[in-house]
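>>> Generate a structure from the sequence data that follows.
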Amino acid sequence: PGLPTQATGSDPMVRSTTKTFDGVPLDVNFALPATGSAPYPVVGTYHGYGGSKLSFDDMQHWLEQGYAVYSLSQRGFGESCGSQAARDADPAGCAKGYVHLMDLRYEVRDSQLLLGELVDEGLVDPNLIAAVGGSYGGGMSLELAALKDRMMMPNGSLVPWQSPLGTPMSLAVATPEVPWSELTYALVPNGNNLDYIEDAGYWGRVGVMKESYVQGLAAAGFKAPIGSDPGADINGWKARLDQGEPYDGDPGVAAMIDEINSFHSAYGVDHSESPAPLLIASGFTDDLFP
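Numbering: from 1, shown residues only. Take a look at the predicted model:
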């Protein structure tokens, strides 16, 4: 617990952190419904880029229907090392608490671990887990669905999703709103990702940067110093794109595209297993995630 950082109606937003697998303190809210009994079905709710966890007031929609609700501020946002006060409260823990750009190995694994801890406490059902969220949270929901009952380790390997005490877990359903399936195409489209061509991923040349959106990504959140982490080098990637063409033949650009497609996009998840059931809502005229 810590000092309130914002308020929503009658519900003060209080910093309440728990450590994830690599010691980063994440700010989490978790609530149980007034009726029923544990283990409950649980809804994981995920915020947009630059946002933070849901307040308890904002959870009432789900709680009133009998669901437990789990929400966290993602790495580098809110009180999950996103503010100077949060970093000052735990300098060692926040050393790696920067934005990893919805990395399957970090942000997604964070929630899989923390949901697993709730399973081990007997509070939520390991197979009745839903994921909802918009934009950045939509990407999270889609990645969780693509993994379904698997977890991606830091070396990129896939292992069964289990609670810390070994209970098998699986996502039941996800409802991503305005998500991305392939972040490279969302931010630097090249015209090749056509929905009438089978397996039309981001192949070919680097496209044209949506500069206003990329500038926004670079401006928000706690970021790793340029060049310090090849898997989360958001400002370094932006700096290279800002230099402009030629991109062809540049090994740094190729590594950037491979990193983002492999570890920051649901499209990059091994699809030998079908995803969890999905209801995806996107806007045809959305300039970022059409």
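>>> where exactly do the helices run in this protein?
In the chain, the segments counted as helices under DSSP state H are 60-63, 84-89, 107-120, 136-147, 183-187, 211-219, 234-243, 251-263.
>>> Any stretches of the stretch 1-150 of the chain with poor pLDDT?
Along the stretch 1-150 of the chain, the parts satisfying pLDDT under 70 run over 1-12.
>>> 90 instead?
1-15 (pLDDT under 90).
>>> Ok, the stretch 151-290 of the chain next?
191-205, 212-219, 283-287, 289-290.
>>> Strands along that one, start to end?
Ranges of strands in the stretch 151-290 of the chain, per DSSP state E, counting those that start in this stretch, are 158-160, 171-177.
>>> Please dump those strands into CSV; it should also carry distance to residue 69 and mean neighbour count for every row.
Where you see a C-beta, it was placed from the backbone N, CA and C, and this is true even at glycine. Output for the strands of the stretch 151-290 of the chain, formatted as CSV (distance: least, Cβ to Cβ, whole Å; neighbours: other Cβ atoms under 10 Å):
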stretch, distance to residue 69, mean neighbour count
strand 158-160, 25, 12
strand 171-177, 14, 22
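>>> So for residue 46, which of those strands sits nearest?
The closest of the strands of the stretch 151-290 of the chain to residue 46 is strand 171-177. By Cβ to Cβ, the value is 9.1 Å.
>>> and that closest one, what does it pack onto?
Contact analysis of strand 171-177 by 3 or more Cβ pairs under 8 Å, 6 or more residues apart in numbering; DSSP states H and E lists strand 124-134, helix 136-147 as its packing neighbours.
>>> what's the closest of the strands of the stretch 151-290 of the chain to residue 140?
Using Cβ to Cβ, the nearest of these to residue 140 is strand 171-177, at 8.0 Å.
>>> Just the C-alphas of the closest one, formatted as CSV.
Extracted in CSV, the C-alpha atoms of strand 171-177 (Å, rounded to 0.1, in the frame of the first residue of the first chain):
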residue,chain,number,x,y,z
LEU,A,171,-7.8,-18.7,-21.0
ALA,A,172,-11.5,-19.3,-21.7
VAL,A,173,-12.3,-16.3,-23.8
ALA,A,174,-11.0,-12.9,-24.9
THR,A,175,-12.7,-9.8,-26.2
PRO,A,176,-10.0,-7.5,-27.6
GLU,A,177,-11.2,-4.0,-28.6
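>>> Which residues does that strand contact?
Applying Cβ atoms under 8 Å, 6 or more residues apart in numbering, the contact partners of strand 171-177 are 41, 127-135, 137-139, 141-142, 144-145, 147-149, 275-282.
>>> From the residues you listed, list the buried ones, please.
41, 128-135, 137-139, 141-142, 144-145, 147-148, 275-276, 278 (16 or more other Cβ atoms under 10 Å).
>>> my guess is residue 135 contacts residue 289, does it?
Yes. Distance between residue 135 and residue 289: 7.1 Å, which falls inside the contact criterion (Cβ atoms under 8 Å).
>>> could you dump the helices of the chain to JSON lines with distance to residue 97?
Listed next are the helices of the chain as JSON lines, based on distance: least, Cβ to Cβ, whole Å:
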{"stretch": "helix 60-63", "distance to residue 97": "27"}
{"stretch": "helix 84-89", "distance to residue 97": "7"}
{"stretch": "helix 107-120", "distance to residue 97": "11"}
{"stretch": "helix 136-147", "distance to residue 97": "16"}
{"stretch": "helix 183-187", "distance to residue 97": "21"}
{"stretch": "helix 211-219", "distance to residue 97": "17"}
{"stretch": "helix 234-243", "distance to residue 97": "14"}
{"stretch": "helix 251-263", "distance to residue 97": "18"}
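>>> Tell me which of those helices is the most buried.
The highest mean neighbour count among the helices of the chain, using mean count of other Cβ atoms under 10 Å, belongs to helix 136-147: a mean of 27.
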